[in-house]
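Asker: Return a 3D structure for these sequence lines:
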Amino acid sequence: MFRIIKKSLKTGVVTGRYPQPTAPVPHMTDETKAKAAPFGKSLTIREVDTGSCNACEMEMNALANPVYDVERFGVHIAASPRHADALVVTGPVTANMERALKDVYQSTPDPKLVIALGDCAIDCGAFKGSYAVTGPVDRHIPVDVKIPGCPPRPAEILAALRALMAKTR
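Answerer: Have a look, this model is predicted:
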């Protein structure tokens, strides 16, 4: 225990200012802007994992911590797709999750947005060519916004969500 305390005192404070996102904010089409218009200043999202390594989910969960505090920007995470405005899909679509993804998409009320989060959701990433993968998300349901990265940092996800909401103001 003393070894750990000594190391902590020797290391000092390692937290501080976080760098601004380096990735560009995703380009959004006029159709996406029109679909996002009814949501105004708040957006309720439902996270759907379709077979990822869970790195993107950990980054999404980090959005709720005090550093990023996504709720102060009007973004809320819903437990049910029936209460969501947008679906955030992570991972490539596996054979076991294909039907479930389509069911969740059907359960989400219109108008709805679909956000593909991470390289795996966009183009299967590291799982490309696997026998269990049936393809990227846009092969199964229409995708409105793509946030690249493996995994994208929370600041990049937050910047994309804020850009999506800024288009509606």
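Asker: so I4 sits in a helix?
Answerer: Yes. Under DSSP: H, G, I helix; E, B strand; the rest coil, I4 sits within a helix.
Asker: what pLDDT, on average, does the helix or strand where K102 lies get?
Answerer: Counting by DSSP states H and E, the element that carries K102 is helix 98-107. The average pLDDT for helix 98-107 rounds to 91.
Asker: ditto for stretch 66-85
Answerer: For stretch 66-85, mean pLDDT rounds to 86.
Asker: buried ones in it?
Answerer: Across stretch 66-85, burial judged by 16 or more other CB atoms under 10 Å covers Y68, V70, F73, V75, I77, A78, P81, A84, D85. Just so you know, the C-beta spots here come from the backbone N, C-alpha and C atoms, and that holds for glycine as well.
Asker: For the second one, what are phi and psi?
Answerer: Backbone dihedrals for V70, given as degrees, to the nearest 10, come out at phi -60, psi -20.
Asker: ok, now how distant is it from A95?
Answerer: Distance from V70 to A95, counting by CB to CB, to the nearest Å: 32 Å.
Asker: just the fifth one next, same as before
Answerer: Remark: distance between I77 and A95 (CB to CB) = 27 Å.
Asker: Please apply the same query to the fourth one.
Answerer: Distance, V75 to A95, by CB to CB: 31 Å.
Asker: Three-state assignment for the spatially closest residue to A55 that is not a sequence neighbour, please.
Answerer: Residue nearest to A55 in three dimensions, not counting chain neighbours: P151, with 4.1 Å by CB to CB, 6 or more residues apart in numbering. Of the three states, P151 takes coil under three-state DSSP.
Asker: so who does P151 touch?
Answerer: A55, C56, M58, E59, L117, G118 (CB atoms under 8 Å, 6 or more residues apart in numbering).
Asker: so where is this protein shaky, pLDDT-wise?
Answerer: Applying pLDDT under 70 to the chain flags residues 13-40, 167-169.
Asker: Walking through it, point out its strands one by one.
Answerer: Ranges of strands in the chain, per DSSP state E, are 43-49, 75-77, 86-90, 93-94, 113-117, 133-135, 145-147.
Asker: relative to strand 43-49, how tilted is the third one?
Answerer: Here strand 86-90 points in a direction 30 degrees away from that of strand 43-49 (axes from the mean of the first three to the mean of the last three CA atoms, to 10 degrees).
Asker: What strands flank strand 86-90, and is each parallel or antiparallel?
Answerer: Strand 86-90 pairs in its sheet with strand 43-49 (parallel), strand 113-117 (parallel), by DSSP bridges.
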